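Student: Have a look; sequence and predicted model below, questions after that.
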Amino acid sequence: MSTKKTMYEKIWDQHVIVQEEGKPSILYIDLHLVHEVTSPQAFEGLRMSGRKVRRPDLTYATMDHNVPTKDRFNISDPISKQQIDTLSQNCAEFGVTLFDLNSIDQGVVHVMGPELGLTHPGKTIVCGDSHTSTHGAFGALAFGIGTSEVEHVLATQCLQQAKSKTMEVRFVGKRKPGVTAKDMILAFIAKYGTDFATGYVIEYTGEAIRELSMEERMTVCNMSIEAGARAGLIAPDETTFNYLRGRQYVPQDAAYDAAVEQWNQLATDEGASYDCVVDIDMDSLIPQVTWGTSPGMGTNITASVPNPADFATENERKAAEKALEYMDLTPGTRITDIAVDYVFIGSCTNGRIEDLRAAAEVAKGYKVSDSVTAIVVPGSGRVKLQAEAEGLDKIFTDAGFEWRDAGCSMCLAMNPDVLQPGQRCASTSNRNFEGRQGRGGRTHLVSPAMAVAAAVKGHFVDVRNWEFKAEVLN
Amino acid sequence: MQSFTTLTGLVAPVDRVNVDTDAIIPKQFLKRIERSGFGQFLFYEWRFDQQGNVIPSFDLNKPRYQGASVLISRANFGCGSSREHAPWAILDYGFRCVIAPSFADIFYNNCFKNSVLPVKLSEEQVEELFQRTAQYEGYQLHVDLENKSITDDYGLSYSFDLDEHRRQFLLQGLDDIGLTLKHGDAIASYEAKHADRLAYPV
């Protein structure tokens, strides 16, 4: 048997504590991130069974899903408030560090973790949230779990896990101007579908991946779950090490260099094999827009809304028909002729400082269309602070965007930021499901640059043709 | 946890591919801090209109499917958000078994924690179940976890695959936290060995 291993296999092997024939492995969890929506029943379970949090020092919490992005201390929904208060009480009772609404570090949990340096290459990371796959951008094995498993990890710092299959997704060739990391992952999902990677852990490779910044890598790994994958991984390199160096929760100085030496061992061995390999051609990859109610229902900005009759199977035809009915779209309509009412920039997919820089670059010198409401929601308190230090907030507000406080906001609309029935939104988030951003709301997933361009023009446009009025920021 | 051995129950269809957990239980109902009481919100935006009136054309609202305990649906059932509120809602509504050609990973896993049996059958077999459910008023299935079989009263008999550990887990209604804690020594020695790597410098 070959001793050459993929990165996934290396991290897996380093964390298996017990392996018994016919049973799932017991995997040690290095970092557990907690938020207010999926944790109350888990803490209650601990209380009922008289258990403690085994490693409060490896458990970090923040509140993000319910948090209002305006007037954040005045939470009008009493049930939202109760959920937030419950997290505070649980963290106090069980000794878990909480970045609450008073903390500059509060934010979307998958923005907060990497920003603080809690996310390290080679770690196993879980959270009661499917977009935990984001942290795979650092070469960490990171995946979402349900509330029962949140309780399991709180109590044992372990999980019972079956090993996944491995998939390599190679982005072949160089990224063309105007194409973003968001377009790369949307194009992959549009091509292969939302259950293509079920049962797999994806490793993203290729020159186009290596050239991505950490923020861009997080965008790619974030949406691994939308391809059905358990997790997404990118091998750590100098980009990773430079991003993490000096952050609060990484080893400092000589200890950091020693850690980097370890992290450099993680990459997949030359000659190791994956269970499945697919290629994505970068030469033909252009900005993407979704037209339907599943992240896989996406197409090129230059294309038109597809005709359900053209789909291969009866189930796909029916799904496309239902999606077009919900989205109120007619087959053959050019994507650039679709008008939007709302624009949302933010989320764990695209709420980081680079996303806001890219958005501001497009927005500078323009005005949001009169027919559009547009909001920018920074991913964390620190992202907000940084953006304000760079003057990005001013660019946005001058252009007519609302500049908000950090949180998940309209990605899932658990807070007051909700689409009204029939409203159409260009969104930098990750899911376009029916009702995701509000009942009857219609979501089109796009990159931050494409979202801003749509806000300005009032309909989708190809941002590759944008007339920038700014010098390239930073 | 409640065990699962056999089930005989009325079958109800949700005829869509990629049923996501936002559809199973919309986010406005995730704010409760209890595990119970989510059944009333199952498929809420498909069952009720914006004024809260019942949408009669949605299958689960039809009189013939009231009291169903077996749900049949299409590929990639339970995709999207990791919310365990989805199986909580399914269970609380009265379903104990969901049959589909494939399931999203996290949802599938969450079912076992709540004594809901997710059964994978082929596309053709699931199609046959949809046809029989439409054809026979009061169509029932007998689900036998001991023998990994599904049968009806009209001669249909399918067997299904299931990981043996997961099967035992459901049959015995095990507490998996308790099982992991039996390995307390192994966990402690791993932690001791990796103490430096695990510790954060704050």
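Tutor: That came through, no problem. Please read these numbers as outputs of a predicted model, since none were measured by experiment.
Student: ok, A:V169 - contacts?
Tutor: Neighbouring residues of A:V169 by CB atoms under 8 Å, 6 or more residues apart in numbering or on different chains: A:188, A:202-205, A:278, A:280. For every residue, glycine as well, the C-beta is placed using N, CA and C.
Student: Repeat the analysis, applying 6 Å as the threshold.
Tutor: For A:V169, the contact set (CB atoms under 6 Å, 6 or more residues apart in numbering or on different chains) comprises A:202, A:204, A:278.
Student: quick one: stretch A:22-38 near chain B?
Tutor: Yes - residues of stretch A:22-38 contacting chain B under CB under 6 Å from any CB of the partner chain: A:22-23, A:26, A:28, A:37.
Student: Please convert those to JSON lines, extending it with distance to B:P87 and secondary structure.
Tutor: Formatted as JSON lines, the residues of stretch A:22-38 next to chain B follow (distance: CB to CB, whole Å; DSSP: H, G, I helix; E, B strand; the rest coil):
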{"residue": "A:G22", "distance to B:P87": "25", "secondary structure": "coil"}
{"residue": "A:K23", "distance to B:P87": "22", "secondary structure": "coil"}
{"residue": "A:I26", "distance to B:P87": "23", "secondary structure": "strand"}
{"residue": "A:Y28", "distance to B:P87": "26", "secondary structure": "strand"}
{"residue": "A:V37", "distance to B:P87": "15", "secondary structure": "coil"}
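Student: Just among these, which is most surrounded?
Tutor: Using other CB atoms under 10 Å in any protein chain shown as the neighbour test, these are led by A:V37, with 27 neighbours.
Student: what about the residue nearest to it when sequence neighbours are not counted, how many neighbours?
Tutor: Once flanking residues are discounted, A:V37 sits nearest to A:H65: 4.7 Å by CB to CB, 6 or more residues apart in numbering or on different chains. Residues lying near A:H65 (other CB under 10 Å) number 25.
Student: do the one 4 residues further on as well
Tutor: For A:T69, the neighbour count with other CB under 10 Å is 22.
Student: In three-state terms, label it for me.
Tutor: In three-state terms, and counting by DSSP: H, G, I helix; E, B strand; the rest coil, A:T69 is coil.
Student: cool, and A:R247?
Tutor: coil.
Student: Report the contact partners of the closest residue to it other than its chain neighbours.
Tutor: Leaving aside its chain neighbours, A:R247 sits nearest to A:G117 (2.9 Å; criterion: CB to CB, 6+ apart). Counting by CB under 6 Å, 6+ apart, A:G117 touches A:244, A:247-250.
Student: Also B:A104?
Tutor: B:76, B:78-79.
Student: For stretch A:193-201, which residues meet the burial criterion?
Tutor: For stretch A:193-201, a neighbour-count test (16 or more other CB atoms under 10 Å in any protein chain shown) marks A:193-201 as buried.
Student: repeat for stretch A:57-70
Tutor: Neighbour-count burial for stretch A:57-70 flags A:58-69 (criterion: 16+ other CB under 10 Å).
Student: tally of neighbours for B:G173?
Tutor: B:G173: 12 neighbours (other CB under 10 Å).
Student: right, and it touches B:T5 too?
Tutor: No - using CB atoms under 6 Å, B:G173 makes no contact with B:T5, being 9.5 Å away.
Student: Tell me the span between the first and last residue of stretch A:125-136.
Tutor: Its first and final residues considered, stretch A:125-136 spans 9 Å by CA to CA, to the nearest Å.
Student: With respect to chain B, which of the contacts of A:G117 is nearest?
Tutor: Closest approach to chain B among the contacts of A:G117 (CB to the nearest CB): A:Y249, at 4.9 Å.
Student: Give me the spatial nearest neighbour of that closest one, chain neighbours excluded.
Tutor: Nearest residue to A:Y249, sequence neighbours excluded (CB to CB, 6+ apart): A:G117, at 4.0 Å.
Student: So for that neighbour, what's the pLDDT?
Tutor: As predicted, A:G117 sits at a pLDDT of 98.
Student: A:A208 in helix, strand or coil?
Tutor: When classified by three-state DSSP, A:A208 comes out as helix.
Student: Thought A:K176 was touching it, still the case?
Tutor: No - judged on CB under 6 Å, A:A208 makes no contact with A:K176 at a distance of 9.8 Å.
Student: quick one, which of those two is more surrounded?
Tutor: The neighbour comparison of A:A208 against A:K176 (other CB under 10 Å) goes to A:A208, with 24 against 15.
Student: Give me the pLDDT value at the more buried one.
Tutor: The model's pLDDT for A:A208 equals 98.
Student: List the contacts of it.
Tutor: A:A208 makes contact with A:171, A:175, A:282, according to CB under 6 Å, 6+ apart.
Student: How much space separates it from A:G232?
Tutor: As judged by CB to CB, to the nearest Å, A:A208 and A:G232 stand 15 Å apart.
Student: and what of B:D153?
Tutor: Distance from B:D153 to A:G232, by CB to CB: 46 Å.
Student: Can you show me the CA trace of stretch A:221-237 as CSV?
Tutor: The C-alpha trace of stretch A:221-237 is given here as CSV (Å, rounded to 0.1, in the frame of the first residue of the first chain):
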residue,chain,number,x,y,z
CYS,A,221,-13.8,26.8,0.7
ASN,A,222,-16.9,28.5,2.3
MET,A,223,-19.1,27.2,-0.5
SER,A,224,-17.7,23.6,-0.5
ILE,A,225,-20.9,22.6,1.4
GLU,A,226,-22.9,23.9,-1.6
ALA,A,227,-21.3,21.2,-3.6
GLY,A,228,-22.3,18.7,-1.0
ALA,A,229,-18.8,18.2,0.4
ARG,A,230,-18.0,17.5,4.0
ALA,A,231,-15.2,20.0,3.9
GLY,A,232,-12.9,21.9,1.5
LEU,A,233,-9.2,22.2,1.8
ILE,A,234,-6.4,24.3,0.4
ALA,A,235,-2.8,23.5,1.2
PRO,A,236,-1.1,26.1,3.4
ASP,A,237,1.7,28.1,1.8
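Student: Check which residues of that stretch are buried.
Tutor: Buried residues in stretch A:221-237, counted by 16+ other CB under 10 Å: A:221-237.
Student: Look at B:S3 and give its secondary structure.
Tutor: Secondary structure for B:S3, judged by three-state DSSP, is coil.
Student: what residues does chain B put near chain A?
Tutor: B:17-18, B:20, B:22, B:26-27, B:30-31, B:33, B:35, B:45, B:74, B:76, B:79, B:81-82, B:84, B:105-106, B:110, B:113, B:164-165, B:176-177, B:180, B:183, B:186, B:190, B:200-202.
Student: What is the most widely separated pair among the contacts of A:G117?
Tutor: Using CB to CB, the contacts of A:G117 span at most 10.4 Å, a distance reached by A:L244 and A:Q248.
Student: between the two, which one's more packed in?
Tutor: Neighbour totals were compared for A:L244 and A:Q248, and A:L244 leads with 23 against 13 (other CB under 10 Å).
Student: Now that one: closest residue in space, sequence neighbours ignored.
Tutor: Distance criterion CB to CB, 6+ apart; nearest residue to A:L244, sequence neighbours excluded, is A:V250 at 5.0 Å.
Student: do A:Q252 as well
Tutor: B:P201 (6.3 Å).
Student: hang on, that neighbour is in a strand, isn't it?
Tutor: No - B:P201: not assigned to a strand; according to three-state DSSP it is coil.
Student: what's the distance between it and B:I33?
Tutor: If you measure B:P201 against B:I33 using CB to CB, the figure is 34 Å.
Student: more crowded one of those two?
Tutor: B:I33 (18 against 11).
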